[in-house]
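Enquirer: Sequence and predicted model, in that order:
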Amino acid sequence: MSRLQDKVALITGGAQGIGLATAQAFVDAGARVYIADIEDDIGRKAAEMLGTNAEYLSLDVGEETQWKETTALLLQKHECLDIVVNNAGITGFTETSTPQDPEHFELAAWHSVHKTNLDGVSLGCKYAIAMLKNAKSASIVNISSRSGMVGIPGAAAYASSKAAVRNHSKTVALYCAQQGYPIRCNSVHPGAILTPMWNAMLGEGEQRKAAIDMVAQDIPLQTMGTPEDVAYAVLYLASDEAKYVTGIELTVDGGILAGATAAPKKSS
Ligand code: NAI
């Protein structure tokens, strides 16, 4: 039986990368999928590519009025939704030109990263509850990051926003359980997944290949992950196979968070 048969899902940041791979996995599993993004041209093409069970919606996740409109639209079309994946996120590297470290960051840039990554997920959970609470069995999956679990000196706002998503997901999980809503909420923590988000960090041509090899050297599994690696984790949490799973953190990072660079070892 298809794992998401007859389920209706909304995936933010679904025009490319992890969001698009998740949308493809959901469609393949039998779901009807709405992908929401701010990149309208790319998003519309992505929905076309996904086929008749996918549709594109323009939504800036940091804007509450847009969430209200999207929620009203979807609840007109469907009695309720079953799955919301809050995936849209930015690093701040390309969106702002200022330093991202904790000594030199500028407050406006700090706020803009938090607006998408934290306000976007918090609003996404708020309106997900409205869209999911009448479902039989529903799931919110929030895409945090390995950077929400460790300090990142060069990306302070990104790490802070992702750490907040990690915590807020547990609050939402417990709140929904307390209220008796049929909604589970979990966070996924990808690390080093090769998506367009990395383009600015990797460069192009030969330089890009060398940069990918450098990143891979520091990963226990010796390779960067693919968007599909994350999509399969999200698919599990979104499906009823995970009906007893709420408030967890699922890392998908090739083993990066399993160890530490300063691990002691016997000298030979
Ligand atoms: P990506 O940059 O390839 O895709 C992100 C998508 O989000 C884009 O389509 C973009 O237009 C959209 N987006 C950005 N701001 C938005 C807004 N305000 N409203 C709606 N959509 C918006 O990135 P990728 O790698 O696919 O990342 C997806 C999620 O996974 C992000 O939350 C990211 O932080 C997280 N993540 C990614 C990792 C990686 O190595 N690629 C590692 C850890 C976490």
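Expert: Arrived safely, thanks for sending. As the structure is a computational prediction, the values presented were derived from the model and not from experiment. Residues are numbered from 1 along each chain as shown.

Enquirer: close enough to count as contact, G19 and I35?
Expert: Yes: with contact defined as Cβ atoms under 8 Å, G19 reaches I35; the gap is 6.6 Å. Placement of C-beta: from N, CA and C, glycine included.

Enquirer: any shared contact partners between the two?
Expert: I11 (Cβ atoms under 8 Å, 6 or more residues apart in numbering).

Enquirer: Skip ahead from the worst-scoring helix or strand of the chain on mean pLDDT and say which helix or strand is next.
Expert: Within the chain, no helix or strand scores below helix 199-202, which has a mean of 90 by mean pLDDT, DSSP states H and E. Sequence-wise, the next helix or strand downstream of helix 199-202 (DSSP states H and E) is helix 205-217.

Enquirer: Output that next one in PDB, but only the C-alpha positions, please.
Expert: Coordinates of each C-alpha in helix 205-217 appear next as PDB, following Å, rounded to 0.1, in the frame of the first residue of the first chain:
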ATOM      1  CA  GLY A 205      33.700  24.100 -12.200                       C
ATOM      2  CA  GLU A 206      37.000  22.500 -10.900                       C
ATOM      3  CA  GLN A 207      36.900  24.600  -7.800                       C
ATOM      4  CA  ARG A 208      33.400  23.200  -7.000                       C
ATOM      5  CA  LYS A 209      34.600  19.600  -7.300                       C
ATOM      6  CA  ALA A 210      37.600  20.300  -5.000                       C
ATOM      7  CA  ALA A 211      35.400  22.100  -2.500                       C
ATOM      8  CA  ILE A 212      32.900  19.200  -2.400                       C
ATOM      9  CA  ASP A 213      35.800  16.700  -1.800                       C
ATOM     10  CA  MET A 214      37.100  19.000   1.000                       C
ATOM     11  CA  VAL A 215      33.700  19.000   2.700                       C
ATOM     12  CA  ALA A 216      33.300  15.200   2.200                       C
ATOM     13  CA  GLN A 217      36.700  14.600   4.000                       C
END
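
Enquirer: On the C-terminal side of it, identify the next helix or strand.
Expert: Following helix 205-217 toward the C-terminus (DSSP H and E): helix 227-238.

Enquirer: Can you name every helix or strand that that following helix contacts?
Expert: helix 17-28, strand 83-86, strand 138-143, strand 183-190, strand 249-252 (3 or more Cβ pairs under 8 Å, 6 or more residues apart in numbering; DSSP states H and E).

Enquirer: closest one to A231 among these?
Expert: Closest to A231 of the helices and strands packed on helix 227-238 is helix 17-28 (Cβ to Cβ; 4.1 Å).

Enquirer: just to revisit the earlier point, which one of the helices and strands packed on helix 227-238 lies closest to the ligand?
Expert: helix 17-28 (2.2 Å; Cβ to the nearest ligand atom).

Enquirer: Give me every residue in this protein lying close to the ligand.
Expert: 12-13, 15-19, 37-39, 59-62, 87-90, 116, 120, 143, 145, 190-193, 195-197 (Cβ under 6 Å from any ligand atom).

Enquirer: Check those for burial and list the buried ones.
Expert: 12-13, 15-19, 37-39, 59-62, 87-90, 116, 120, 143, 145, 190-193, 195, 197 (16 or more other Cβ atoms under 10 Å).

Enquirer: As JSON lines, the helices and strands packed on helix 227-238 with mean pLDDT would be great.
Expert: What follows is the helices and strands packed on helix 227-238, written out as JSON lines (pLDDT from 0 to 100):
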{"stretch": "helix 17-28", "mean pLDDT": "98"}
{"stretch": "strand 83-86", "mean pLDDT": "99"}
{"stretch": "strand 138-143", "mean pLDDT": "99"}
{"stretch": "strand 183-190", "mean pLDDT": "99"}
{"stretch": "strand 249-252", "mean pLDDT": "98"}
